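Q: generate coordinates for the sequence data below:
(one chain, ligands or ions: 1)
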Amino acid sequence: MAARRRIVAGNWKMNLDHAAAVALTKDVAAGAASCTGVDLVLCPPAIYLEAVASALQLADGSSPSGVTLGGQNLHDQPKGAFTGEIAPAMLVDVGCRWCIVGHSERRTLFGETDQIINTKAKAALAAGLTPIVCVGETLEEREQDRTAAVVTAQIDGSLHGFSAADLAGTVIAYEPVWAIGTGKVATPEQAQEVHALIRSRLATLTDAATADSVVIQYGGSVKPDNAAVLASQPDIDGALVGGASLKADDFLAIGKHFGAAG
Ligand code: 13P
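A: Prediction:
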């Protein structure tokens, strides 16, 4: 098995204000040295990206904490008459290296289909960003025993036309919708089963070596007290953290668990 990087990303969603975003960033940056063996990523609301970027940086532009920055969403076009949207290159311009694409909230509340997610993920790659492509089943789909079919279809649709190089530059986040913001975390076995399924599907889309190199994060009620067991699973390479990423201590504790399991 490839030694994959561990990546723990905080999805702040539509939370915090300017002062709280800067304070949280500084606290995460100050504690990041205690998280070895893991990459920490912050995904603030777009309007605070620049503030977070500057809170991470020294005057010379370097980021001594090693914490990096991601967007929560992007548009698939490079520029033009798309009121309210953000182009991939704009995210790069303010210091992003990553962008979450196809979060379940985007899928359900904003009508994003696998096809839209596919064009966004390709646009992210073209701009030099690493897309964090989200997939996951609803409770109803799980209860109907359709998890494998739903996740497979999301993987196939979201990654349609990806070359091995594209896939190698992509992170997948498995976020069961029923576990997001509910406090109901998937058991390590449930999560591992779907992560393994995703990895084997990635192998059929490209090849085994590429699939083996792809970081697959788990998301959905990840907290300091459940991170270690999730991190101990062979195909769980990191976490996409919502609520717990709004508290520096909790986010850093999750990062430590994943780093220690690497
Ligand atoms: P919670 O960690 O709050 O469940 O959110 C998960 C999530 O949606 C991260 O993208």
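
Q: show me what contacts the residue of the stretch 101-250 of the chain found nearest the ligand?
A: Going by Cβ to the nearest ligand atom, the ligand is nearest to G242 of the stretch 101-250 of the chain, at 2.2 Å. Just so you know, the C-beta spots here come from the backbone N, C-alpha and C atoms, and that holds for glycine as well. G242 sits next to 11, 13, 180-181, 219 when contact means Cβ atoms under 8 Å, 6 or more residues apart in numbering.

Q: looking at this, A23 is in a strand?
A: No. Under DSSP: H, G, I helix; E, B strand; the rest coil, A23 sits outside any strand and is assigned helix.

Q: picking that back up, tell me, which of the contacts of G242 make contact with the ligand?
A: Filtering these for proximity to the ligand by Cβ under 6 Å from any ligand atom leaves 11, 180-181, 219.

Q: pLDDT and neighbour count added to the contacts of G242, as TSV?
A: Output for these, formatted as TSV (pLDDT from 0 to 100; neighbours: other Cβ atoms under 10 Å):
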residue	pLDDT	neighbour count
N11	98	26
K13	98	18
I180	94	20
G181	92	12
G219	98	27
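
Q: I'd like to know which of the residues you listed are part of strands.
A: The strands, defined by DSSP state E, take in 11, 219 from these.

Q: and the two most separated of the contacts of G242?
A: The most widely separated members of the contacts of G242 are K13 and G219, with 11.6 Å between them, by Cβ to Cβ.

Q: returning to that earlier point: distance to A231 added to the ones next to the ligand among the contacts of G242, as CSV?
A: What follows is the ones next to the ligand among the contacts of G242, written out as CSV (distance: Cβ to Cβ, whole Å):
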residue, distance to A231
N11, 18
I180, 19
G181, 21
G219, 13
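
Q: pick the one among those closest to W98.
A: Nearest to W98 among these, counting by Cβ to Cβ, is N11 at 10.7 Å.

Q: spit out the contact partners of that closest one.
A: So N11 contacts 43, 72, 100, 103, 219, 240-242, 245 (Cβ under 8 Å, 6+ apart).

Q: for it, give its distance to L252.
A: With distances taken as Cβ to Cβ, to the nearest Å, N11 is found 16 Å from L252.

Q: re earlier: and the contacts of N11, which of them are in helices?
A: Judged by DSSP state H, these include no members of helices.

Q: poorly predicted segments of the stretch 151-262 of the chain, please.
A: Across the stretch 151-262 of the chain, nothing is flagged by pLDDT under 70.

Q: tell me which stretches of it form helices.
A: Here the stretch 151-262 of the chain has its helices, by DSSP state H, counting those that start in this stretch, at 164-168, 188-205, 208-213, 224-231, 248-261.

Q: tell me how far the last one is from the chain's mean position?
A: For helix 248-261, the separation from the chain centroid amounts to 15 Å (computed by Cα atoms, centre = their mean, to the nearest Å).
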